[in-house]
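> following is a predicted model, sequence given first.
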Number of protein chains: 2
Amino acid sequence: MRPPRAKDDEKGKTAGPLKMTDIARLAGVSTSTVSRALAESPLIPATTRRQIQQIAIDHGYVIDQRGQRLRSNRTRTICVAIPLGHEADQLISDPFFLQLFGHLADEISARHYDVLLSRIPSPAPGWLVRHVQSQKADGYIIVGQSNQHEEINAAARAFLPLVVWGAHLPEQAYCSVGSDNVGGARAAVDALLQAGRRRIVFLGATALPEIQMRLRGYMNALERAGIPVDEDLIQPAHFTGDTALAAVQGLIARGIAFDAVFAASDVIALGALRALQTSGVQVPTDVSVIGFDDLDLAEHSHPRLTTVRQDLKHGAAALVEFLFRRLEGEETPSATLPVRIVRRDSL
Amino acid sequence: MRPPRAKDDEKGKTAGPLKMTDIARLAGVSTSTVSRALAESPLIPATTRRQIQQIAIDHGYVIDQRGQRLRSNRTRTICVAIPLGHEADQLISDPFFLQLFGHLADEISARHYDVLLSRIPSPAPGWLVRHVQSQKADGYIIVGQSNQHEEINAAARAFLPLVVWGAHLPEQAYCSVGSDNVGGARAAVDALLQAGRRRIVFLGATALPEIQMRLRGYMNALERAGIPVDEDLIQPAHFTGDTALAAVQGLIARGIAFDAVFAASDVIALGALRALQTSGVQVPTDVSVIGFDDLDLAEHSHPRLTTVRQDLKHGAAALVEFLFRRLEGEETPSATLPVRIVRRDSL
DNA sequence: TGAAAACCTGCAATCGATTGCGCACCCCTC
DNA sequence: GAGGGGTGCGCAATCGATTGCAGGTTTTCA
């Protein structure tokens, strides 16, 4: 043991990090008693407990998380992870992710857990099981399946406290929460059709399950209306507005006619909007635009964006609720949240 | 020790969490050697090293962070903390914070560190020293001083790897990075004056150091122009758009005349914009509006918001750069970032 | 060939906490 | 007054890794 520090009372300011043994010595008890007292164990009588707690406070002692975590097997930390298998250079600063993350963090910190953020740039096989085994967190929230469905499945089979924001996929062994992507997309396209639009562009990165669902909804709606799908109108677009902008400009340049755009996300829709504006196309007179998400941005765009609203706050609340139930050992089902169209000015 | 797990090779799927001793046994060496091999220690010859690493990979072993952190004294984690002394119910989902946080997280994760997010709702005296002592992270980035200047000072005196986003204050013992708030505000008000505006409203929560600086810039500019400050025009507004909206509506209701609004943040400006719109006031014809921040939102508002741009990406990069230098033991100075006015349509 | 140098590897202490088990003491009760 | 039940507290093992030190083997060089 290191030598007892001198003049602890006189110059409390310079006190190094105290250990539990220090408090034990100061209180004239053993570390067992200190540990139990700080943990509000009924084994220690209330008066002793208070005394020890007071001593700890007076000396500015706090339990060292490293020791506590090792011994007690609980970190009181939730990890929010974003796998970027589809696009390694997408950043955390993506508005959709940030908005969802903000709500998640609010919910988690309201439960007095810490939030650990992990960005997984190029997921190597086994990344998730490895991450789980590293014991950095008690539970995981995966935001977006990316192309990691199998990996997540594998991890979820052995590890209960894991929930996923994303599409509900067949053969899914994990608990997911997500929006009704197919239904939302169908409703969006229906609205465009009802407005008399017939040549509707789809913009989105179909590598992602959620976007695939939205594409399916798009096709469903066209099919039901008896309109053949034109492959030219289905354009890839990443999660940055720039590629959407380029895609729309490309269409215009190639002289492909269209009278509406269904964007698989608001960020993409804003990119499309800019492309149309710079090309002198009037929205919504010449071309209608509808997005997906209803980010804060949507309300403030010009023209204000009509979009399919995902209730991220509710989604985040559900994810965290499920996760904490799972931490207690309970199985929880997956959930699909309803969406609704928010009518603004771009349609 | 627990009994050696049977049939490890046959049913690798069901293997529980392996420990370093398991790998040692499999490789026929001691844990010392495994530990060193995994840490790329030159004490172990390269061929042995590779062999052991391969065994670890094959069996899906990863080092348990709890043990490693305890023993090695390093967590490879950076904590981003937001003290909310001024307003306990502000959420992480605030757009300004999220945007800065996104850039911080990008920078930190690019350096292969984990990001821990902590929201401090009602900072109790000593919260920061306690947090530091809990050993959850190697370094701290505090976003916004709130009213915790003294607390941060106290912590920084004993703990080097700590940087702060915020105003540069007198008697400051810590390293801060922030924008030129006074200069930015002065430039904004100058621009309004140059446009012929004379009765300029200030909207902002002056409890915060940064906002106080912006208020000072506002007063500076008026003073230099020989315009007396009208207390009626200085209105409190929190970080949500709602209070800004209410404040502007209040002004209109009380019949207080004004021809411009300088908002201390973009979110506040958007609230003001809405209030003006619903009251039938034309922007910028009747009233000019200028914000502060240049969030993504600003570009998309209607009318598009003229604002004082803070370069958050650069700011985040500087904060993280300084923090990592401090982790190496180097002292770093504070920095004040230049700002510039982004002209759009609201002025 | 022998001694020194260089190279590997393992023992055991250590990081800072938690907790099962058992001892000591006190108070009742018959 | 002896036995029994309850209460309060400490001993020591344990969580899973890292690392100084020392011992053993191989290489090098005279």
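Good, I have the coordinates.
> tell me where the model's unsure across the stretch 51-200 of chain A.
Residue ranges of the stretch 51-200 of chain A with pLDDT under 70: A:88-91.
> what parts of it come near chain B?
A:60-67, A:69-70, A:75, A:77, A:91-95, A:98-99, A:101-103, A:105-106, A:109, A:114-119, A:126, A:129-130, A:133-136 (CB under 8 Å from any CB of the partner chain). Glycine gets a C-beta too; all of them are placed from N, C-alpha and C.
> need the buried ones from the residues you listed selected in ChimeraX.
One line in ChimeraX is enough to select the buried ones among these; burial here means 16 or more other CB atoms under 10 Å in any protein chain shown:
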select /A:61,62,63,64,65,66,69,70,75,77,91,92,93,94,95,98,99,101,102,103,105,106,109,114,115,116,117,118,119,129,130,133,134,135,136
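> out of the residues of the stretch 51-200 of chain A next to chain B, which are close to DNA strand C?
When contact is defined as CB under 7 Å from any atom of the strand, those meet DNA strand C at A:63-64, A:66-67, A:70.
> what sits against the residue nearest the centre of chain A?
Nearest to the mean C-alpha position of chain A, by CA atoms, centre = their mean, lies A:Val143 at 4.0 Å. Taking CB atoms under 8 Å, 6 or more residues apart in numbering or on different chains as the criterion, A:Val143 is in contact with A:80-82, A:97, A:100-101, A:104, A:164-166.
> next: A:Val182.
A:213-214, A:216-217, A:220.
> quick check: residues of chain A near DNA strand D?
For chain A, the contact set with DNA strand D under CB under 7 Å from any atom of the strand comprises A:28-33, A:43-45, A:48, A:67, A:70-71.
> how about the helices in the stretch 101-250 of chain A?
Taking DSSP state H, counting those that start in this stretch as the criterion, the stretch 101-250 of chain A contains helices spanning A:127-133, A:149-158, A:181-194, A:209-224, A:241-253.
> ok, residues contacting the first one?
Where contact means CB under 8 Å, 6+ apart, the residues beyond helix A:127-133 that reach it are A:79, A:81, A:83, A:118, A:120, A:140, A:142, A:148, A:151-152, A:154-155, A:158-159, A:162, B:17, B:60-62, B:64.
> among the residues you listed, which ones are buried?
Buried members of the contacts of helix A:127-133, scored by 16+ other CB under 10 Å, are A:79, A:81, A:83, A:118, A:120, A:140, A:142, A:148, A:151-152, A:154-155, A:159, A:162, B:61-62, B:64.
> return the subset of the residues you listed lying in strands.
If you go by DSSP state E, these have A:79, A:81, A:83, A:118, A:120, A:140, A:142, A:162 in strands.
> among these, which pair sits farthest apart?
Greatest spacing in these, by CB to CB: A:Ile120 and A:Leu162 (14.1 Å).
> got the contact list for the closest residue to DNA strand D within the stretch 201-347 of chain A?
The nearest approach of the stretch 201-347 of chain A to DNA strand D comes at A:Leu327, 18.5 Å away (CB to the nearest atom of the strand). Under the criterion of CB under 8 Å, 6+ apart, the contact list for A:Leu327 reads A:138-139, A:161.
> by neighbours, which of these wins?
A:Gly139 (23 neighbours; other CB atoms under 10 Å in any protein chain shown).
> who's in contact with the residue found closest to that one once you drop the neighbours it is linked to in the chain?
In this structure, A:Gly139 finds its nearest non-sequential neighbour in A:Pro161, 3.6 Å apart by CB to CB, 6 or more residues apart in numbering or on different chains. Residues counted as contacts of A:Pro161 (CB under 8 Å, 6+ apart) are A:138-140, A:323, A:326-327.
> same thing with A:His103?
A:312-313, A:315-317, B:93.
> now flag whichever of the contacts of A:Leu327 is closest to DNA strand C.
Within these, proximity to DNA strand C (CB to the nearest atom of the strand) peaks at A:Asp138, which comes in at 14.1 Å.
> so is A:Leu70 in a helix, a strand, or just coil?
helix (DSSP: H, G, I helix; E, B strand; the rest coil).
> quick check, it in contact with B:Arg71.
No. A:Leu70 lies out of contact with B:Arg71 (CB atoms under 8 Å); the separation is 9.3 Å.
> and A:Leu347, how many neighbours does it have?
Neighbours around A:Leu347, by other CB under 10 Å: 25.
> also A:Arg199?
Neighbour number of A:Arg199 under other CB under 10 Å is 15.
> what does chain A put close to DNA strand C?
So chain A meets DNA strand C at A:2, A:17, A:19-21, A:31-32, A:35-36, A:38-39, A:63-64, A:66-68, A:70-72 (CB under 7 Å from any atom of the strand).
> swap in 10 Å and give it another go.
With the criterion set to CB under 10 Å from any atom of the strand, chain A comes near DNA strand C through A:1-2, A:16-24, A:30-39, A:41, A:43-44, A:56, A:61-74.
> out of the contacts of A:His103, who has the most neighbours?
A:Ala316 (25 neighbours).
> just say helix, strand or coil for that one.
From three-state DSSP, the assignment for A:Ala316 is helix.
> which residues touch A:Leu116?
A:77-80, A:136-137, B:77, B:114-117.
> what do you get if the cut-off is 6 Å, keeping everything else the same?
Counting by CB atoms under 6 Å, 6 or more residues apart in numbering or on different chains, A:Leu116 touches A:77, A:79, A:137, B:114, B:116.
> the fourth one contacts B:Thr77, doesn't it?
Yes. If you go by CB atoms under 6 Å, B:Asp114 and B:Thr77 touch, sitting 4.4 Å apart.
> next, count neighbours for A:Ala335.
A:Ala335, neighbours per other CB under 10 Å, totals 18.
> residue of the stretch 101-250 of chain A nearest chain B, please.
Nearest residue of the stretch 101-250 of chain A to chain B: A:Gly102, at 3.1 Å (CB to the nearest CB).
> can you pull the contacts of the closest residue to that residue other than its chain neighbours?
In space, and not counting its chain neighbours, A:Gly102 is closest to B:Ser93: 3.1 Å by CB to CB, 6+ apart. Contacts for B:Ser93 (CB under 6 Å, 6+ apart) come out as A:102-103, A:106.
> report how many residues lie close to A:Phe292.
32.
> thought it was touching A:Arg309?
No. Using CB under 6 Å, A:Phe292 makes no contact with A:Arg309, being 8.8 Å away.
> on that earlier part again, let's see which of the residues of chain A next to DNA strand C end up in helices.
Taking DSSP state H, the ones among the residues of chain A next to DNA strand C that sit in helices are A:20-24, A:31-38, A:56, A:65-72.
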